[in-house]
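Trainee: Sequence below, structure please.
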Amino acid sequence: MSKATFAAIAAASAATGAGLTALFYSPRPQPQQQQQPLPQQQLPPHPPTTSSSKLPAPQPAAPSLAPKPTPTSGSPVDPAGIYQYGFPGPVADTLLSAPLAGAYDRRTRNPSWVAEHITPQSLAQKNGDRKGSTFFEDTTIPPLFRAKLSDYFRSGYDRGHQVPAADAKWSQDAMDATFALSNMCPQVGEGFNRDYWAHFEEFCRDLTKKYPSVRVVTGPLYLPHRDQDGKWRVSYEVIGNPPNVAVPTHFYKVVYAEEGPATAGKVALGAFVLPNARISNDKRLTEFEVPLEAVERASGLEFAAKLDAGRRKRLCQEVKCDVVVREFNNASKKK
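Mentor: Numbering: from 1, shown residues only. This is a model prediction of the structure:
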């Protein structure tokens, strides 16, 4: 991959697209013969994804967080004694309301992920109106760690829904719940949140014309870029006073289009990564498609650990992965 390509990724420009991000993060097969030295601009290979017929090597059990007894084996220290003062963390606050489930990242003041479920029946009901909803601070998050309305004031960023309000019109209470700041991330407004991202959300809703059940997991990413000295660094803006709320460099969506029964039917999977930047409406959605493993590696999350390989399909081979440009009312979409 050329240096110009990596420079484009580093700029997180809309022109780059997540197709290059996929090259940046996707697994590379390991040849059988001795590997040749890699060019400077390449990253070391990652092990290829295995099918369900080849089980991964067993992982060591996670260490127990339970308090340990005072050592009697002659050790002069007891590091587990710190638990008498509490567990430092990290703590992922659970997000759970009528329209969504997820986890909140106290460090970035953004959700790590939020999941929604949309069906033809849920979208057919029009019992909620966003004109009756207002943004609010999520009081289930401790005050020290929650995002505040003042953090977004004159920040230059939209309060970008991760679970869209338009997906929760089936109930006013459900729609109101999507306006919690724990469901928000700072997003570029013109050209992204109010435009291409909104068209992408509409694409997800349109999947219910073919599939009886669609699940979507959405969240932020903080991807590295390569500096002029050749080193890779993660850099992102922080807003608020004091500056607490991280501005993601990218956003992902993992889409599960379910064909039949939840425990047996085929599932068309799609994973997408978009830069938090202006994106031209003529960009094809397939330019932002990435392997699911790319999102997992970048986010530290797992999205389909219990989904057998035999039930999986590739979404963009089942449907045309493209956005339909509609002129949204920017005044009503403003966040």
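
Trainee: can you pull the contacts of the closest residue in space to residue 292 that isn't next to it in sequence?
Mentor: Once flanking residues are discounted, residue 292 sits nearest to residue 271: 4.5 Å by C-beta to C-beta, 6 or more residues apart in numbering. To be clear about C-beta, it is placed using only N, CA and C from the backbone, and glycine gets the same treatment. When contacts are counted by C-beta atoms under 8 Å, 6 or more residues apart in numbering, residue 271 touches 252-255, 289-292, 294-295, 303.

Trainee: 6 Å - rerun?
Mentor: By C-beta atoms under 6 Å, 6 or more residues apart in numbering, the contact list for residue 271 reads 254, 290, 292, 295.

Trainee: Show me how far stretch 196-203 is from its chain's centre.
Mentor: Chain-centre distance of stretch 196-203: 15 Å, with C-alpha atoms, centre = their mean, to the nearest Å.

Trainee: quick one: average pLDDT of it?
Mentor: The pLDDT scores in stretch 196-203 average 98.

Trainee: Could you give me the buried positions within it?
Mentor: Residues of stretch 196-203 classed as buried: 196-203 (neighbour count, 16 or more other C-beta atoms under 10 Å).

Trainee: which ones among those are found in helices?
Mentor: Counting by DSSP state H, those place 196-203 in helices.

Trainee: ok, now how distant is residue 167 from residue 142?
Mentor: The gap separating residue 167 from residue 142 is 28 Å, by C-beta to C-beta, to the nearest Å.

Trainee: what do you get for residue 251?
Mentor: Distance from residue 251 to residue 142, by C-beta to C-beta: 25 Å.

Trainee: Out of those two, name the residue with the larger neighbour count.
Mentor: More crowded of residue 251 and residue 142, by other C-beta atoms under 10 Å: residue 251, with 24 against 10.

Trainee: In this structure the more buried one contacts residue 274, no?
Mentor: Yes. The criterion here is C-beta atoms under 6 Å, and residue 251 meets it with residue 274 at 5.4 Å.

Trainee: lowest-confidence helix or strand of this protein?
Mentor: helix 3-11 (a mean of 41; mean pLDDT, DSSP states H and E).

Trainee: Need the nearest residue in space to residue 126, chain neighbours excluded.
Mentor: residue 169 (5.3 Å).

Trainee: can you pull out the strands in the stretch 151-300 of the chain?
Mentor: Secondary structure of the stretch 151-300 of the chain, counting by DSSP state E, counting those that start in this stretch: strands at 158-161, 184-187, 213-221, 224-226, 232-234, 238-239, 245-246, 250-258, 267-275.

Trainee: follow-up on the earlier one: and which of the contacts of residue 271 is nearest residue 186?
Mentor: residue 295 (19.9 Å; C-beta to C-beta).

Trainee: Could you report the separation of the closest one from residue 313?
Mentor: In terms of C-beta to C-beta, residue 295 sits 17 Å off from residue 313.

Trainee: neighbour-wise, which of the two wins?
Mentor: Higher neighbour count among residue 295 and residue 313: residue 295, with 26 against 14, using other C-beta under 10 Å.

Trainee: Next, the contact list for the most centrally placed residue in the chain, please.
Mentor: Geometric centre of the chain, nearest residue: residue 219, 2.5 Å, by C-alpha atoms, centre = their mean. Contacts for residue 219 (C-beta under 6 Å, 6+ apart) come out as 112-113, 252.

Trainee: is it in a bridge, and if so with what?
Mentor: residue 252 (DSSP bridges).

Trainee: now the strands for the stretch 1-150 of the chain?
Mentor: 92-97, 100-105, 110-118.

Trainee: For these, give me JSON lines that also has mean pLDDT.
Mentor: Shown next, in JSON lines, are the strands of the stretch 1-150 of the chain (pLDDT from 0 to 100):
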{"stretch": "strand 92-97", "mean pLDDT": "96"}
{"stretch": "strand 100-105", "mean pLDDT": "98"}
{"stretch": "strand 110-118", "mean pLDDT": "98"}
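
Trainee: now those strands as TSV including distance to residue 132 and mean neighbour count?
Mentor: Listed next are these as TSV, based on distance: least, C-beta to C-beta, whole Å; neighbours: other C-beta atoms under 10 Å:
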stretch	distance to residue 132	mean neighbour count
strand 92-97	16	16
strand 100-105	18	21
strand 110-118	20	22
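
Trainee: how about those, which one is nearest residue 78?
Mentor: Nearest of the strands of the stretch 1-150 of the chain (C-beta to C-beta): strand 92-97, 27.4 Å.

Trainee: Now do that closest one: distance to the chain's middle.
Mentor: 15 Å.

Trainee: what lines up beside it in the sheet?
Mentor: Partners of strand 92-97 in its sheet, by DSSP bridges: strand 100-105 (antiparallel).

Trainee: now what about the partner strand, what contacts it?
Mentor: Contacts of strand 100-105 (C-beta under 6 Å, 6+ apart): 92-93, 95, 111-116, 163, 182.

Trainee: Which one of those residues is nearest to residue 213?
Mentor: Taking these together and measuring to residue 213 by C-beta to C-beta, the closest member is residue 116, at 11.5 Å.

Trainee: List the contacts of that closest one.
Mentor: By C-beta under 6 Å, 6+ apart, the neighbours of residue 116 are 100, 163, 167, 216.
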